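Participant: My questions concern the predicted model and sequence given below.
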Amino acid sequence: MKILVTGAEPPLPDILARLRAAQHDVRHVAELPRSAAELPALVEGCQAVVHGGAYRPGLGDQEALDLAGRRTNDLYLAAQAAGVERVVYLSTLELLRHYPERYRLGEQWQTHPPADLRPLCLYLGELVTYEFAHAHAFDATSLRLGTVIREEDATAPEPDPSWVDPRDVAQAVEAALTSKRRRWGNYRVLHIAADFPNPRFSIELARRFLDYEPQHRFGWPADQPLPVRADRAPTPWPQPTFQPKERMKVLLLGAAGPVAAWAIRSLEPYHTLRLTDIKPMDTPHESRVVDITDPAQVEAAAEGMDVIVNLTVIRDDPVLAFDVNTRGAYNMMRAALRHGIGRVVQTGPTLSFAHRHDFGITEEFPLHSGNQLYAISKYLGQEICRAYAWQYGIEVPCLLYCTFHEPEEAIGFDWSGFIVSWRDSGESIRRAVEVERLPL
C-alpha cells in the first residue's frame, strides 16, 4: 500500500518503522506545506494517509491553528481529488480529561475540548477529519492516543492510566490501515491506550475493530488495579459570572456588513458601541480599523468593553476563510479572556447540513458543516468559542443564520426553513447581548 505519513513527533518514528517493515510504500513529510498547490504531488498515487501532523510543538498559536484547520482541510481536499481511500488521524485522549478519573470512558462520551493549544488543535483536526468522512470523501479512523511514552523510559512508581507505548500505537495504526471491518459507516473514533486491569479509557472497540492487543503495561501487574488518585481529579468548570447592565459597552467586529447594519439599529438606542472593520467606516459611533486576524489589534479593540459581537466572515477565499472564521474566533476569545469580558456573541451559518430533509431540528442536534469551505471554517471557529466557554466560564450565545429576507420579498419563493428577516436578525443580536442568563 502506498501511504503518505505526516508529522515527526512520537509516535511517528515507530509508525514509520512498522509500516516500512511491513513493506508498505511510505512517503513521509514532517510538516504539511503552507501552500495547497504543493499537496497534490504528495498524495499522488497514495491509497491512504496517516495524518499525525495536525499539531507540532514549538509553533506559535496562529501557525498551529493554521496547521490544524486550513492545512488539514487542504490535505484532505487533495486526498479526495487523488482518490485516497482511507485516512488515519492521530488525535488525543486529552479531549476527555475533564471527566473524573474513576469513570471508565468510551468513545461515545461527549468531548469538551480544552482551550489549551495542543488539545484544541488536535480536536479541530479531528473535526475536519470527521466532516470529510461524513461527506463520503474517504473512509476515516480517528485514533485518540493516550500520553505516548516508551515503557523503558517510564520511571514513575505507578503508570498514568493514559499511558501508551509508541510501538502499540504503531500496531493500531497499521491495523486501522489494513482492517477490512467497516461497521458504523465510514468514520469511527477509537481509544488507544495501555491495557490496565481497570482502564480509565476503554480500548474494547479498538480490540473489536482492529484486533488491538497492546504489549506494554509499564511493569504493572495484570491482576492489580491502578489506584485512583484524588490529586488527579479534574478542575471544576467555572460558572459564568456575566451580569448584564442597563447600558453596556459593546464591541462589534465586522461592523460594516449587512447583518451588522441591522444589529447597530437594534443596539444603538440602548448601548454604547465601538464599531470595527477591516476598512474605515463613516459612522457617528466610535470606530476603528481592526483586522480580526491580528491578535494585537483585536485585544486593543476589546479593552474596556462589556460584550463582544463577532460579525466577521469570509466565504470563498480558501486561505482567508480560515484566517478570519477560525483564527479570528480564537483571537476574539483570547481578547475576551485577557480583558475579563464575560459574554461574546458569535454568529455563523446553520450547520445543519446533515439534516437537510429532517424536521423539528433543535439546538441539541449535532452540528455538521460538511466539507464546504465557508461552513467548515466557521464551524471550527464556533468550536473554539465552545472550548473557551467551558474552560473559562465565558458565555457565548452562538446565533446561526441561513437566509436573510424581508417578509414581503419572500412571497412565492421556496426558501429555507432558516429564513429570517434582516430586522429580526438585528433584534436577535440585541437579545443575545442583553439576556440575563443562558441555559447551560
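Facilitator: Thanks, I have it.
Participant: continuing past the host helix or strand of residue 4, what's the next helix or strand?
Facilitator: Using DSSP states H and E, residue 4 falls within strand 2-6. Remark: after strand 2-6, the chain's next helix or strand is helix 12-21, criterion DSSP H and E.
Participant: Please identify the buried residues of the helix or strand just after that following helix?
Facilitator: Toward the C-terminal end, the helix or strand that comes next after helix 12-21 (DSSP H and E) is strand 25-29. For strand 25-29, the neighbour count (16 or more other C-beta atoms under 10 Å) marks 26-29 as buried. Any C-beta I mention is one placed from the backbone N, CA and C, and that applies to glycine too.
Participant: And for stretch 210-217?
Facilitator: 210, 212, 214, 216-217.
Participant: Grab the CA positions of that stretch and hand them over as PDB.
Facilitator: What follows is stretch 210-217, C-alpha atoms only, in PDB (Å, rounded to 0.1, in the frame of the first residue of the first chain):
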ATOM      1  CA  LEU A 210      -8.500  -3.600  14.900                       C
ATOM      2  CA  ASP A 211      -7.700  -6.700  17.000                       C
ATOM      3  CA  TYR A 212      -5.600  -4.300  19.000                       C
ATOM      4  CA  GLU A 213      -3.600  -6.000  21.800                       C
ATOM      5  CA  PRO A 214      -1.200  -3.700  23.500                       C
ATOM      6  CA  GLN A 215       2.000  -5.400  24.600                       C
ATOM      7  CA  HIS A 216       3.300  -2.800  27.000                       C
ATOM      8  CA  ARG A 217       1.800  -2.400  30.500                       C
END
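Participant: and the helix or strand harbouring residue 329, average pLDDT?
Facilitator: Here residue 329, judged by DSSP H and E, is contained in helix 328-339. Mean pLDDT, helix 328-339: 98.
Participant: got it, and stretch 171-178?
Facilitator: On average, the pLDDT along stretch 171-178 is 97.
Participant: quick one: contacts of it?
Facilitator: With C-beta atoms under 8 Å, 6 or more residues apart in numbering as the test, stretch 171-178 has contacts from 1, 3, 15, 18-19, 22, 24, 48, 50, 86, 88, 90, 141, 143, 190, 192, 206, 209-215.
Participant: Which ones among these map onto helices?
Facilitator: In helices, judged by DSSP state H, the following of the contacts of stretch 171-178 are found: 15, 18-19, 206, 209-210.
Participant: thinking again about what came up before, just checking: what are the partner strands of the strand holding residue 4?
Facilitator: Paired strands of strand 2-6, with direction, are strand 25-29 (parallel), strand 48-51 (parallel) (DSSP bridges).
Participant: Show me how far it is from its chain's centre.
Facilitator: The chain centroid and the centroid of strand 2-6 are separated by 23 Å under C-alpha atoms, centre = their mean, to the nearest Å.
Participant: same question, stretch 101-120
Facilitator: Computed by C-alpha atoms, centre = their mean, the separation of stretch 101-120 from the middle of its chain amounts to 13 Å.
Participant: Which elements pack onto the longest helix along the chain?
Facilitator: Using DSSP H to define each element, the chain has its longest helix at helix 373-392. Under the contact criterion of 3 or more C-beta pairs under 8 Å, 6 or more residues apart in numbering; DSSP states H and E, helix 373-392 touches helix 72-81, helix 117-134, helix 320-322, helix 328-339, strand 343-349.
Participant: I'd like these as JSON lines, with distance to residue 62 appended.
Facilitator: Listed next are the helices and strands packed on helix 373-392 as JSON lines, based on distance: least, C-beta to C-beta, whole Å:
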{"stretch": "helix 72-81", "distance to residue 62": "15"}
{"stretch": "helix 117-134", "distance to residue 62": "10"}
{"stretch": "helix 320-322", "distance to residue 62": "11"}
{"stretch": "helix 328-339", "distance to residue 62": "8"}
{"stretch": "strand 343-349", "distance to residue 62": "19"}
